[in-house]
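Trainee: here is my input, please return the structure:
(2 chains)
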Number of protein chains: 2
Amino acid sequence: MLSDQEMNSMNAPTVESVASTAREEAIASLQQLLGDRLSRAAPVREQHGKDASYHPCVPPDAVAFVQSTEEVSEIVKLCAWHKVPIIPFGTGTGVEGSVVALRGGVCIDLSRMDRILQVSTGDLDATVQAGVTHEQLNEHLRNTGLFFPVDPGANSSIGGMAATRASGTNSVRYGTMRENVLSLTVVLPDGRVIRTARRARKSAAGYDLTRLFVGSEGTLGVITEVTVRLYGVPAAISSAVCSFPSVEAAVRVVINTIQKGVPVARIELADAVQMDAINKYSNLDLRVAPTLWLEFHGPTGSSVKEQAETVQKIASEHGGTGFSWATNPEDRGKLWRARHDAAYADKALREGAQLWATDVCVPISRLAECITETQQDLAASFLPAPIVSHAGDGNFHVVFVLDPSEPKEMAEAERLNERLVDRALSLDGTCSGEHGIGCGKLDFLIAEHGEAVSVMRSIKQAIDPDNIMNPGKILRI
Amino acid sequence: MLSDQEMNSMNAPTVESVASTAREEAIASLQQLLGDRLSRAAPVREQHGKDASYHPCVPPDAVAFVQSTEEVSEIVKLCAWHKVPIIPFGTGTGVEGSVVALRGGVCIDLSRMDRILQVSTGDLDATVQAGVTHEQLNEHLRNTGLFFPVDPGANSSIGGMAATRASGTNSVRYGTMRENVLSLTVVLPDGRVIRTARRARKSAAGYDLTRLFVGSEGTLGVITEVTVRLYGVPAAISSAVCSFPSVEAAVRVVINTIQKGVPVARIELADAVQMDAINKYSNLDLRVAPTLWLEFHGPTGSSVKEQAETVQKIASEHGGTGFSWATNPEDRGKLWRARHDAAYADKALREGAQLWATDVCVPISRLAECITETQQDLAASFLPAPIVSHAGDGNFHVVFVLDPSEPKEMAEAERLNERLVDRALSLDGTCSGEHGIGCGKLDFLIAEHGEAVSVMRSIKQAIDPDNIMNPGKILRI
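Mentor: Sure thing, here's the model as predicted:
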């Protein structure tokens, strides 16, 4: 590695001179620093130039498998010196192309930074390296009586989840990464290392840097450590499922449940198209109608029973049928199985097809309207496209089942997606509830935020003046 | 007022030339714009140059009583043109000198922007002008079955509470302003108006500008409208009080309660010194020992009964005595009265004395240690100083009862405060849980955040390059 002094004694390249030679120099220095933990092998680069989405692969020039914050800092200093782009990489489970190396550069793979640094049972928090996955953390917590609630579906890294402001099924009760990250260690675009906050539960001390880096998708720095909130494993859990005559009726139940103060832990919706796909995939005979799954957490059996009964009453007032609920783990597992199988069921709708899951979020009072109008669009399209929703948050996904190599199908998905986002924005919603902007939604971000995007751009330019951190993501710079 | 064109046709003053003449010109233009809603009267200026704290008054040059976002934008454009400082003002109930006009300038008083713009019962949110107070909002919500939970004690404006990242007694359950602001309308330092987010409950669309402006204390722009989350008024409420042999024992009960997943709505602690002051003030005979007040909210009477019983059991395991609880509003009122009277009781300890309430927050596992060591400091001091704590958050206040005109007393409070903050920081806590940095804690901010303060400074300079927004607050620029 180069020391600060050595780097200062060299002539810094200007932005204009950054070219393939600078890249080669940077990579040669990184090779010295990392040895065989720097890879230029094509399969490794290919694997890191793509996430779990439809976005085409653009491989980075090299992939660095890092082991510590200090090492990330050294790599970033070197890349900054040569003005070479840096793309942080967790598990590659994102779905808006956040890891696509649009301008080449060095991918920093954090998956080997997988140590759980501290668990405080008294404070209900844990500090982990960025590469720790949420399943790994929960496995580690198994005997503590605590758990980490945010679960975006895939077994993503907690660093990646922080970077994407991820959420998932139980955010209606426990919040998203926005609410559950207490502090971050971040390597800035010039290699300096900061910690964004102390472990105190709340603070009024200065600008909220934690929340600024949560959701910044690697464009402001590299998140290397995350302190997250934990929760006591509820002593009692019950789950319920119920189907409804319309999306409108199901959403009305969601709204009333929340208004009544029932602290529902999950409240998920699938539309009839999705239910039909699940039936086919799992050879089931569920009602092909809008369906809600619910989960209740409480300190005692009677408290979750009470919650379930309250919701059952609300459901029956809105035409809910087939309300069934379960408390023991096995029965709950069966009940949720259909929901968990949704993505597999969608994929099975067409042989060899891939999924493009859209992601909008609207005020919950507009959710039924937004879904219903979208269903009309979809009914008139040739693409199969079930809908699943984290209904308690007003968040839903249309899952296009398509062949990405078919331009006609991609164009149709794009057209429907654009109409969907326009509709969500017109209902005071957002173009992304949990997937992020990546390289797929830059124009939608502008449509949503207008002049506020210029503030985001000012911040980006202030923190990363050379635009080396994941360039081309979130902002068109 | 001057149009954009008129302003562009003039020669902009340089930073160097900003002097009293620029101020006079700006104020003359503002007078044209606002008529008698611009005041230069000494009593008005004096009243706006001070908050509810020990920080000495520094009056602004003029006070503008604004009526709309558009008007604020026009004022800001004018002040920006002349490079005249702007200090936003809500109710003046802050306690770290955020409104002190350190460099003169124009105070923008938002108290007449007091319209509730929208309440969505379906979405559980409300949009208000910045001058609406939390009591006013709750009064307005009275028949909706909803309420806004954040209550910092004083009847502060919601705009001011957002700017300070305020919290209070029931943040342990409902969160602080950080969690409860959905969106802001902000006038930027150049007069442009942005909305930081849509009304969707969650979003992964770009940088979290809402959280950046929440807690920015008027240094990045003027908050003119706020969308906040609302909650269903709990159908059942019960309160409890209990005293303990030690702060350690009381805090242990707090920790266990939270670990057990009891969704406690408030959990407040007072130390023996505070209890003695309350007894004297209210002529009561409460035990002079560390005391916890608790409040439980639930959808049914049985659910809050269960919560209270769970906590009673925990309390008795930790030597709690005199556990009493109440469910009807009158009895609950009596039970909380002592806690609500704490500040009055403190003030009554010395005739003509004023209060200086400090504010630190530590991980809850360190709370007992932090309070106990602080009590040892206080026992050796000549200043009376009770302690009250939002214990569920790890947040506590030492309330110095002093005569601000006595340098010896102020020096002693300063010395004790510095030791307190150092202690909190050494325990991974923050120098401010809810009061903010203002002009009182700039050095503590640096001690707490180190290099991260330079990131805050970069952001400030990017958004407010001329440093006209509340200069001298949060950051030493």
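Trainee: which segments of chain A make up each domain?
Mentor: The domain map for chain A lists A:4-111, A:116-232, A:236-344, A:347-435, with the assignment taken from automatic domain parsing.
Trainee: would you mind saying which of the ones you listed lies nearest B:Thr358?
Mentor: Across these, the minimum distance to B:Thr358, taken as Cβ to Cβ, is reached by domain A:116-232, at 12.7 Å. (C-beta placed from N, C-alpha, C; glycine too.)
Trainee: can you give me the end-to-end span of the closest one?
Mentor: Domain A:116-232 has an end-to-end distance of 18 Å (Cα to Cα, to the nearest Å).
Trainee: how far off centre is it?
Mentor: Per Cα atoms, centre = their mean, to the nearest Å, the displacement of domain A:116-232 from the mean C-alpha position of its chain is 13 Å.
Trainee: give the rounded mean pLDDT of that domain.
Mentor: For domain A:116-232, the per-residue pLDDT values average out at 97.
Trainee: how about the contacts made by the residue in the stretch 51-200 of chain A positioned nearest to chain B?
Mentor: Sorted by distance to chain B under Cβ to the nearest Cβ, the residues of the stretch 51-200 of chain A start with A:Gly122, at 3.2 Å. Taking Cβ atoms under 8 Å, 6 or more residues apart in numbering or on different chains as the definition of contact, the neighbours of A:Gly122 are B:Ile255, B:Pro363, B:Ile364, B:Ser365.
Trainee: for chain A, state which of these is nearest.
Mentor: Sorting the contacts of A:Gly122 by distance to chain A puts B:Ser365 at the head of the list, at 3.2 Å, by Cβ to the nearest Cβ.
Trainee: using the three-state scheme, assign the closest residue to that closest one other than its chain neighbours.
Mentor: Taking Cβ to Cβ, 6 or more residues apart in numbering or on different chains, and ignoring the residues beside it in sequence, B:Ser365 has A:Gly122 as its nearest neighbour in space, at 3.2 Å. In the three-state summary, A:Gly122 is assigned as coil, counting by DSSP: H, G, I helix; E, B strand; the rest coil.
Trainee: and A:Gly122, how far from B:Gly35?
Mentor: A:Gly122 is 59 Å from B:Gly35, where distance means Cβ to Cβ, to the nearest Å.
Trainee: up against chain B, what does the stretch 351-477 of chain A have?
Mentor: When proximity is defined by Cβ under 8 Å from any Cβ of the partner chain, the stretch 351-477 of chain A lies next to chain B at A:359, A:361-365, A:393-395, A:425, A:428-437, A:441, A:444-445, A:448-456, A:458-463, A:474-475.
Trainee: which of the residues you listed count as buried?
Mentor: Judged by neighbour count, with 16 or more other Cβ atoms under 10 Å in any protein chain shown as the criterion, the buried members of these are A:359, A:361-365, A:393-395, A:425, A:428-437, A:441, A:444-445, A:448-449, A:452-453, A:455-456, A:458-460, A:462-463, A:474-475.
Trainee: need phi/psi at the residue most central in space within chain A.
Mentor: Among the residues of chain A, the one closest to the centroid is A:Ala166, at 3.3 Å (Cα atoms, centre = their mean). The phi/psi pair for A:Ala166 (degrees, to the nearest 10) reads phi -70, psi 160.
Trainee: got it, and A:Ala235?
Mentor: A:Ala235 has phi and psi values of phi -70, psi -30 when expressed as degrees, to the nearest 10.
Trainee: contact partners for it?
Mentor: A:Ala235 neighbours (Cβ under 8 Å, 6+ apart): A:Gly298, A:Pro299, A:Thr300, A:Gly301, B:Lys260, B:Gly261.
Trainee: list buried residues within the residues you listed.
Mentor: With neighbours counted using 16+ other Cβ under 10 Å, the contacts of A:Ala235 contain these buried positions: A:Gly298, A:Pro299, A:Thr300, B:Lys260, B:Gly261.
Trainee: how far away is A:Glu70 from A:Thr224?
Mentor: Computed as Cβ to Cβ, the A:Glu70 to A:Thr224 distance reads 9 Å.
Trainee: which one's more surrounded, those two?
Mentor: When neighbours are counted by other Cβ atoms under 10 Å in any protein chain shown, A:Thr224 comes out ahead of the other of A:Glu70 and A:Thr224, with 25 against 12.
Trainee: ok, A:Leu475 touching A:Val453?
Mentor: Yes: because the distance of 7.1 Å satisfies Cβ atoms under 8 Å, A:Leu475 is recorded as touching A:Val453.
Trainee: okay, and the common contacts of the two?
Mentor: Shared between the contact lists of A:Leu475 and A:Val453 (criterion: Cβ under 8 Å, 6+ apart) are residues A:Leu445, B:Gly206.
Trainee: stretch A:343-363: end-to-end distance?
Mentor: One end of stretch A:343-363 to the other measures 25 Å (Cα to Cα).
Trainee: pLDDT of that stretch, averaged?
Mentor: In this model, stretch A:343-363 has a mean pLDDT of 95.
Trainee: sort out which residues of it are buried, please.
Mentor: Of the residues in stretch A:343-363, A:343, A:345-349, A:353-363 count as buried by neighbour count, 16+ other Cβ under 10 Å.
Trainee: so which of the residues you listed sit within strands?
Mentor: Restricting the buried residues of stretch A:343-363 to those inside strands, with DSSP state E as the criterion, leaves A:Gln354, A:Leu355, A:Trp356, A:Ala357, A:Val360, A:Cys361.
Trainee: quick one, strands of the stretch 101-250 of chain A?
Mentor: Counting by DSSP state E, counting those that start in this stretch, the stretch 101-250 of chain A forms strands over residues A:106-109, A:116-120, A:125-129, A:146-147, A:181-187, A:193-195, A:222-229, A:231-232, A:236-243, given from the N-terminal end onward.
Trainee: quick one: A:Glu434 from A:Val222, how far?
Mentor: Looking at A:Glu434 against A:Val222, where the rule is Cβ to Cβ, the gap reads 21 Å.
Trainee: enumerate the residues of the stretch 51-200 of chain A near chain B.
Mentor: Selection of the stretch 51-200 of chain A residues close to chain B by Cβ under 8 Å from any Cβ yields A:120-125, A:145-146, A:164-167, A:171, A:175-176, A:178-179, A:188, A:192-200.
Trainee: now the closest residue to chain B within the stretch 201-350 of chain A: closest residue in space that isn't a chain neighbour?
Mentor: Proximity of the stretch 201-350 of chain A to chain B (Cβ to the nearest Cβ) peaks at A:Arg211, 3.4 Å away. For A:Arg211, ignoring the flanking residues on the chain, the nearest one in space by Cβ to Cβ, 6+ apart is B:Arg211 at 3.4 Å.
Trainee: this completes my enquiry, with thanks.
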